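Student: missing the sequence, but the structure's below:
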């Protein structure tokens, strides 16, 4: 996998090895006027841990594409005069908030749904959260610990213990209060730009968005929420058709799903079938996700035929909340923001 082909890395398998503990030593005090001093062999130093920390100054796992082997420092060996070996430095790796860490088998390249098949080690959801994924080895004992009344010149020492090691599967799931879900060219990126200060790439061809974008939406009353533009889905996404799982994983943390529908049918898709397919793909990917609050954003109301298709959509889904807008023209954006503010807006401290 070349970086040119995949510039946004949101899941990767890494190998981590903590530092080994240093060895204790056999040593005896030998000075000018103390030719036969007792044992004074020092202990070995402890190794370093491998630590993951959630940090907002990184937004994907691309750096681990170049550093997939994570190795902490070994501890130093002990010395004479009871000198303890130097402790190995911890290896601290920063990952984006929303990174889930799973223990991976020794072989293979991970799985599409790790939560179902692998053991989760940590969910680093918030800034500053840390997880030690492999623990360091402990330094060994020097021969001073083996001195006794019957053993004045002990030759015993203990080696340091090896650090833990293993493979881990890291998966980033973007954290946002609401997720925009829709087919390619439904207008999600334009909508995110209209709702927030985010500047996602917008163009008139499918799959402009190849990675999630998150924007902060400011509401009245000093409240706000985050909204994620999830790349366009296609039918079969739950079976990983196209880039299905790469996209769907990012709505797992969203409290509210906004199904963005091209109500004008400008992409030769029937809005009713479009919404049915989107709901089905979400449900087949994760049953619990399909039970979360959702509403429909009927986009492209400025285009010919949108009014009639909106009536048909409301007739087919009478219990669904449908908000008509034109993201391109800005129509209905204030109404949508007000509704989002009531549902997911949180006070700014």
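Tutor: Perfect, I can see it now. Not measured: the values here are computed from a predicted model. Numbers count the residues shown, from 1 in each chain.

Student: quick check: domain ranges of the protein?
Tutor: Domain assignment for the chain by automatic domain parsing gives 11-172, 178-347.

Student: can I get those domains in JSON lines with mean neighbour count and mean pLDDT?
Tutor: Quick note: C-beta positions are derived from backbone N, CA and C, even for glycine. Converted to JSON lines, the domains of the chain look like this (neighbours: other Cβ atoms under 10 Å; pLDDT from 0 to 100):
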{"stretch": "domain 11-172", "mean neighbour count": "19", "mean pLDDT": "90"}
{"stretch": "domain 178-347", "mean neighbour count": "18", "mean pLDDT": "81"}
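
Student: For the stretch 101-250 of the chain, which segments count as helices?
Tutor: 114-117, 188-195, 244-248 (DSSP state H, counting those that start in this stretch).

Student: does residue 343 count as helix, strand or coil?
Tutor: Here residue 343 is recorded as helix under DSSP: H, G, I helix; E, B strand; the rest coil.

Student: I'd say it and residue 293 touch.
Tutor: Yes. Using Cβ atoms under 8 Å, residue 343 is in contact with residue 293, at 6.9 Å.

Student: which residues are common contacts for these two?
Tutor: Common neighbours of residue 343 and residue 293, counting by Cβ atoms under 8 Å, 6 or more residues apart in numbering, are residue 256.

Student: Scan the protein for its longest helix.
Tutor: Criterion DSSP state H: the longest helix present in the chain is helix 271-285.

Student: downstream neighbour of that one in the secondary structure list?
Tutor: Per DSSP states H and E, the first helix or strand lying C-terminal to helix 271-285 is strand 294-299.

Student: Pull up the pairing partners for that next one, direction included.
Tutor: strand 256-262 (parallel), strand 322-324 (parallel) (DSSP bridges).

Student: now those strands as a markdown table including distance to residue 176?
Tutor: As requested, the strands paired with strand 294-299 are arranged in a markdown table below (distance: least, Cβ to Cβ, whole Å):
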| stretch | distance to residue 176 |
| --- | --- |
| strand 256-262 | 9 |
| strand 322-324 | 18 |
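
Student: Ok, which of the ones you listed comes nearest residue 158?
Tutor: With Cβ to Cβ, the closest approach to residue 158 among the strands paired with strand 294-299 belongs to strand 256-262: 57.4 Å.

Student: what's the angle from that closest one to helix 188-195?
Tutor: For strand 256-262 against helix 188-195, the angle by axes from the mean of the first three to the mean of the last three Cα atoms, to 10 degrees is 120 degrees.

Student: what angle separates strand 256-262 from helix 271-285?
Tutor: Using the same axes, to 10 degrees, strand 256-262 lies at 140 degrees relative to helix 271-285.

Student: Residue 127 touches residue 55, doesn't it?
Tutor: Yes. The pair residue 127 / residue 55 is scored as a contact, 6.7 Å apart, by Cβ under 8 Å.

Student: Residues that sit against both of those two, list them.
Tutor: With Cβ under 8 Å, 6+ apart as the test, residue 127 and residue 55 both reach residue 97.

Student: Once you drop chain neighbours, what's closest to residue 69?
Tutor: Using Cβ to Cβ, 6 or more residues apart in numbering and skipping the chain neighbours, the partner closest in space to residue 69 is residue 15 (5.0 Å).

Student: Helix, strand, or coil at that neighbour?
Tutor: Of the three states, residue 15 takes strand according to three-state DSSP.

Student: List the contacts of it.
Tutor: By Cβ under 8 Å, 6+ apart, the residues touching residue 15 are 68-70, 165-168.

Student: now with 10 Å?
Tutor: By Cβ atoms under 10 Å, 6 or more residues apart in numbering, the contact set of residue 15 is 50, 68-71, 104, 106, 134, 165-168.

Student: for residue 122, same thing?
Tutor: By Cβ under 10 Å, 6+ apart, the residues touching residue 122 are 52, 54, 99-102, 129-133, 168, 170.

Student: Please apply the same query to residue 260.
Tutor: 180-183, 186-192, 229-230, 232, 274-275, 278, 296-300, 325, 327.

Student: What distance do you get for the nearest residue to it once chain neighbours are set aside to residue 191?
Tutor: Leaving aside its chain neighbours, residue 260 sits nearest to residue 182 (3.6 Å; criterion: Cβ to Cβ, 6+ apart). From residue 182 across to residue 191, the span is 9 Å (Cβ to Cβ, to the nearest Å).

Student: Common neighbours of these two, please.
Tutor: Common contacts of residue 182 and residue 191 (Cβ under 10 Å, 6+ apart): 229, 258, 260, 297, 299.
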